[in-house]
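>>> Sequence first, then the predicted structure:
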Amino acid sequence: MNGPWACSATCAWIEGHDGFGALGLDDALQEAINPQTGRVHTSYSLVGAQTGRLSSTDPNLQNIPIRTAIGRQIREAFVPEPGNVLLAADYSQIELRLAAHMADVASLREAFAHGEDIHARTAREMFGEVTRDTRARAKTINFAILYGISRWGLAARLEVPAEEAQGMIDTYFLRFPGIQRYIHETLESVRSKGYSETLFGRKTWFPRINSKNQAERQGSERAAINAPIQGTSADIIKRAMVRMLPALAEGGLGDVRMLLQVHDELVFELPEARVEAATPIIRQVMAEAALPAVTLTVPLGVEIGTGMSWDAAH
DNA sequence: TATCGACGCCAC
DNA sequence: AAACGTGGCGTCGATA
């Protein structure tokens, strides 16, 4: 499996307490602990995803549960060495921010510039008021846009008739007009050239974009709408990763270890005494990673947390 | 015994 | 009939 395309195995953690097996949760992770290091070491593929994302195998450490109580228990088993802490740095809503930039949606750009709750903003624009329900619907719609929207997909997710979902899509396009133009121009370009491009010029090819098979063609269209956004996000975090250790070393922080990447998140292990100095450097490298090649019209927000486990660092 | 594909579920 | 993007992996049944 590990061909020349596989990234050097990277990191993981000290398995510090009772462990996954004792929780009765995950024998596979338990067995993945390297007896010589006491850590779990994953492998990253640099060409694992069509969009330019990394993928992680043996074990996959990019899909460790987080949403449920049991999931968080599993994350509690990922801990630093004594005297150290884990630091998790996440890009906040990076794909929606990139969509706001790429589609040049003024209201979304302004919302991000002012640090607004973007789903609440969307709810207000679309439904006139922000409630628990309208915000949840707006969040679903925002994600649907990133994934290449269809009335049927949105209808299934929101559990409403397709006609009603179409009405929401129409309203969304009316309120955020740049989105429809972005989708149209992206598809026209992919149909004629055969590939999409990230903001940095990396291409993703779509050989079935003009297929006569409807399902095949529509699937390619959805992927083509998503690829520049997801791919640009992947480009940005890779740029941050390349710059991160040199920037930390420049700041006298050569003992900070970069352990994991989870698409929009970087996880570090560092001496507790280094947290205060490392935090602003990590934040700056990530926030400025698009520069100088690309100047975004939205800020890139970075949320940073620390703790004595991967769960606690969030 | 090994391998493959469908399915369901986990993450972002 | 199905239907929103990107992945990995455990289980199951069919097959070699």
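The structure has been received and is ready for your questions.
>>> And stretch A:296-310, end to end?
Stretch A:296-310 has an end-to-end distance of 31 Å (C-alpha to C-alpha, to the nearest Å).
>>> Now look at that stretch and say if it contacts DNA strand B.
No - counting by C-beta under 7 Å from any atom of the strand, DNA strand B is not contacted by stretch A:296-310; separation bottoms out at 10.2 Å. (Each C-beta comes from the backbone N, C-alpha and C, glycine too.)
>>> Identify each buried residue in that stretch, please.
A:296, A:298, A:300-302, A:304, A:306-307, A:309-310 (16 or more other C-beta atoms under 10 Å).
>>> Spatially, which residue comes closest to whichever residue of the stretch 151-300 of chain A sits closest to DNA strand B, not counting chain neighbours?
Relative to DNA strand B, the nearest point of the stretch 151-300 of chain A is residue A:263 (3.2 Å; C-beta to the nearest atom of the strand). Nearest non-adjacent residue to residue A:263, counting by C-beta to C-beta, 6 or more residues apart in numbering: residue A:53, 6.0 Å away.
>>> is it true that the one you found touches residue A:230?
Yes - counting by C-beta atoms under 8 Å, residue A:230 is a contact partner of residue A:53 at 6.7 Å.
>>> Give me the helices and strands touching the helix or strand containing residue A:120, please.
Element membership for residue A:120 (DSSP states H and E) is helix A:118-127. Where contact means 3 or more C-beta pairs under 8 Å, 6 or more residues apart in numbering; DSSP states H and E, helix A:118-127 is packed against helix A:106-113, helix A:132-146, helix A:162-175.
>>> Now do that helix and helix A:132-146, the angle between them.
100 degrees (axes from the mean of the first three to the mean of the last three C-alpha atoms, to 10 degrees).
>>> what is the mean pLDDT for helix A:118-127?
Here helix A:118-127 scores 95 as its mean pLDDT.
>>> can that helix be found next to DNA strand C?
No - using C-beta under 7 Å from any atom of the strand, helix A:118-127 stays clear of DNA strand C, with a minimum separation of 13.5 Å.
>>> centroid residue for chain A?
residue A:264 (3.5 Å; C-alpha atoms, centre = their mean).
>>> Return the residues in contact with that residue.
Applying C-beta atoms under 8 Å, 6 or more residues apart in numbering to residue A:264 gives the contacts A:90-91, A:94-95, A:233, A:237.
>>> Keep only those of those that are in helices.
A:94-95, A:233, A:237 (DSSP state H).
>>> got CSV for those residues, with pLDDT, distance to residue A:59 and neighbour count too?
Shown next, in CSV, are these (pLDDT from 0 to 100; distance: C-beta to C-beta, whole Å; neighbours: other C-beta atoms under 10 Å):
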residue, pLDDT, distance to residue A:59, neighbour count
A:94, 98, 25, 23
A:95, 97, 26, 20
A:233, 98, 24, 24
A:237, 98, 21, 24
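>>> Farthest-apart pair in these, please.
A:95 and A:237 (11.4 Å; C-beta to C-beta).
>>> Tell me, how many residues neighbour residue A:115?
10 (other C-beta atoms under 10 Å).
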